[in-house]
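Q: this is a predicted model, with the sequence first.
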Amino acid sequence: MTVEQIADFEKILAQLKSFYDDTNVLVKKNPREEMNTFKLKLINKVLVKANAIVGDSKPFADFTEFNIDEDMPNNSDVSMILGQYISCMEVIKKDNVHPYSGRWYWKTTDDAESREISTSAPADLKK
């Protein structure tokens, strides 16, 4: 991944995680309540960017974003989809980072000098 791709990846993953956390609060209050249009439009913008990153590794081949014009998804539906995207993003992260001296670094493909961009451990390797 290039330095620019890494920056985009980390931003999108952070947004997905934030939406997931916020949605889970709503799920605990009322899982079957419809998600409001404003939130869904913001989530869709991030999902479109996430689709560009995950490519063929999308969680569901026929899903790209929520259709606001049809049935509005409920909080639980949105939470499930966000969780699936986070999992796919974490797999990509795991494939593109490496540990060194107790820290994690991105593998970069930039032609410039070797760049050491630190990051957190992939989710399934945190312990």
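A: Nice, I can see it. Treat the numbers as computed from the prediction; the structure is a model and nothing was measured. Numbering: from 1, shown residues only.
Q: just checking, residue 75 touches residue 23?
A: Yes: Residue 75 is in contact with residue 23 according to C-beta atoms under 8 Å; the separation is 5.9 Å. For glycine as for every other residue, the C-beta is placed from the backbone atoms N, C-alpha and C.
Q: who are the packing partners of the helix ranked longest in the chain?
A: Under DSSP state H, the helix in the chain containing the largest number of residues is helix 3-29. Judged by 3 or more C-beta pairs under 8 Å, 6 or more residues apart in numbering; DSSP states H and E, the packing partners of helix 3-29 are helix 37-54, helix 75-95.
Q: give me the contacts around stretch 52-69.
A: Here stretch 52-69 makes contact (C-beta atoms under 8 Å, 6 or more residues apart in numbering) with 8-9, 12, 35, 37, 40-41, 43-44, 47-48, 51, 73, 78, 81, 84-85, 87-89, 91-92.
Q: do the same with stretch 3-20
A: Contact with stretch 3-20 is made by 1, 39, 42-43, 46, 49-50, 53, 78-79, 82-83, 85-86, 89-90, 92-93, 106, 108, 110, 115, 117, 119, as judged by C-beta under 8 Å, 6+ apart.
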